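# need the 3D shape of this:
(chains A and B)
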Amino acid sequence: MKSNAVRAQLAAVAAILFLAMVAVAPWVAGSHVLKPVSLKWNRIIKHKDELLAEKAGLEAKIKDFQNMEEKRKANELFQKNIEQSGLDSMQGFINNGKYPIYSFRTLQLDSKETSFSFVAQYNTLGQLLTDLWNTFQFMEMSSLVMKPSPNKPDEDVVATLTVRLPQGQNR
Amino acid sequence: MNSRHLKLPVIVDLQPEPETAILRLPGWMKYLFFLLYVCTLFGMGLLLKEGYGFFKLYQLKVQALRAAEQATRDISALNQKLVENRRTQNSYEQFKYRQRVIARPGPLLDWLPTLVGRAQRAHFISLQQANDKVNVRITLEKAIADGVIQNPAAPPDYQVVQSGEETPKYQELPTNQRPSPKNEYAALAVQLKKQ
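From the prediction side, this is the model:
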């Protein structure tokens, strides 16, 4: 009889404990399972917001650059002009028969400077120089010496043009 | 014996129900059970609410992961574009700067005749350029008593740093002429600075 009473008391205590566990289980689940996962997910969402803010900042920075396509094309043209401003093309340009010049000579002073010497009329010389600079836009002039031609001092000039060939530019 | 006359055996319960209760819970325990019941109900409600929030958060997390992946790709592309734009802009400015600093001969060539007087003739012209400085030297054939132009006007985009008459050098003179201040030749030296 007594052992039955003890078993009954134990069963009652176990039932009460079970009910208590059932009662607190939702809070435990909320605080120990859902909350840590929620924190982790909130960090993911916050990270996404940061990325979107960074993206918006980059887009704003890109908008500050204007007419980039035109500038890119201009750069290509400039670069092409520099690449074509070689010694051979300059010699060909001056001495191609278009300009009435004679006694044409080229003297390469060093790796950068080259001197062209020729005899031409003053007007022809002016036209040639203008066309030369319009064609080779990055050519730098070091010096230009003009003196009367010994053969025709009243008509022709001996021009010595020293130029620096343009160096390539990193793009 | 006919099966119709068979009787079921009588079961005798050897352990009858006790007359007094084995376990009698105290009266306050019913309040405890009620409290546990209420607690369980609230807990379930809370769990339902938290579960709903958790589900919404899960949806947001899934969307955030997708958006973050897309944003990462976009940022990478935008960074690349930004670097490309900076490089293009930089190159463009360098090209324009080079174009600007390279002196065009047009203004100088147009300006040279203004240095020669009506009764004078230019014999030798030298034009030397270094950075933003230009040295112009003209040997003029003139009357002995005549002088060179004083204070010549500067060409466009230039300013005159100094100018003056000098004795021509040997190579600036015609053949068989010696450098002398008392002959028909005088050199005009002008130093210009690009503005």
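
# please make it C-alpha for all contacts and neighbour counts, starting now.
Noted.

# okay, which residue is most central for chain B?
B:Arg86 (5.0 Å; C-alpha atoms, centre = their mean).

# so which bits of the helix or strand harbouring A:Lys80 are buried?
Secondary structure from DSSP states H and E places A:Lys80 in helix A:68-83. Buried residues in helix A:68-83, defined by neighbour count with 16 or more other C-alpha atoms under 10 Å in any protein chain shown: A:Met68, A:Lys71, A:Arg72, A:Ala74, A:Asn75, A:Glu76, A:Phe78, A:Gln79, A:Asn81, A:Ile82.

# average pLDDT across it?
Per-residue pLDDT over helix A:68-83 has a mean of 92.

# so what secondary structure elements neighbour the following helix or strand past that helix?
Elements were assigned by DSSP H and E; along the chain past helix A:68-83, the next helix or strand is helix A:87-94. Counting contacts by 3 or more C-alpha pairs under 8 Å, 6 or more residues apart in numbering or on different chains; DSSP states H and E, helix A:87-94 packs against helix A:122-135.

# could you redo the last one with a cut-off of 10 Å?
strand A:102-108, strand A:113-121, helix A:122-135 (3 or more C-alpha pairs under 10 Å, 6 or more residues apart in numbering or on different chains; DSSP states H and E).

# which element, helix or strand, includes the residue nearest to the centre of chain B?
Following DSSP H and E, one finds B:Arg86 within helix B:29-101.

# what packs against that helix?
Against helix B:29-101 (3+ C-alpha pairs under 10 Å, 6+ apart) you get helix A:2-29, helix A:35-64, helix A:68-83, strand A:140-148.

# most tightly surrounded among the ones you listed?
strand A:140-148 (a mean of 21; mean count of other C-alpha atoms under 10 Å in any protein chain shown).

# now do that strand, average pLDDT.
pLDDT averaged over strand A:140-148 gives 87.

# now stretch A:160-171
73.

# for B:Glu166, which non-adjacent residue is closest in space?
B:Ala187 (5.0 Å; C-alpha to C-alpha, 6 or more residues apart in numbering or on different chains).

# list the buried residues of the lowest-mean-pLDDT helix or strand in chain B.
Ranked by mean pLDDT, DSSP states H and E, the helix or strand of chain B with the weakest confidence is helix B:105-111, at a mean of 79. For helix B:105-111, a neighbour-count test (16+ other C-alpha under 10 Å) marks B:Pro105, B:Leu108, B:Trp111 as buried.

# also near chain A: which of those, exactly?
B:Pro105 (C-alpha under 10 Å from any C-alpha of the partner chain).

# so which of the buried residues of helix B:105-111 comes closest to chain A?
B:Pro105 (7.1 Å; C-alpha to the nearest C-alpha).

# contacts only, for the closest one.
A:Gly126, A:Leu129, A:Thr130, A:Leu132, A:Trp133, A:Met141, A:Leu144, B:Trp111, B:Leu127 (C-alpha atoms under 10 Å, 6 or more residues apart in numbering or on different chains).

# pick out whichever of these sits closest to A:Glu113.
Top of the list for closeness to A:Glu113, among the contacts of B:Pro105 and by C-alpha to C-alpha, is A:Met141 at 9.3 Å.

# so what pairs up with the closest one in the strands?
A:Val163 (DSSP bridges).

# how far away is it from A:Thr114?
10 Å (C-alpha to C-alpha, to the nearest Å).

# overlap in contacts, those two.
In contact with both A:Met141 and A:Thr114: A:Leu161, A:Thr162, A:Val163, A:Arg164, A:Leu165, using C-alpha under 10 Å, 6+ apart.

# quick one: the fourth one and A:Phe116 touch, right?
No. Applying C-alpha atoms under 10 Å, one finds A:Arg164 not in contact with A:Phe116, separated by 11.2 Å.

# got the angle between the helix or strand bottoming out on mean pLDDT in chain A and helix B:29-101?
The least trusted helix or strand in chain A, going by mean pLDDT, DSSP H and E, turns out to be helix A:2-29, with a mean of 84. Angle, helix A:2-29 to helix B:29-101, by axes from the mean of the first three to the mean of the last three C-alpha atoms, to 10 degrees: 20 degrees.

# ok, B:Tyr158 - how many residues close by?
B:Tyr158: 18 surrounding residues under other C-alpha atoms under 10 Å in any protein chain shown.
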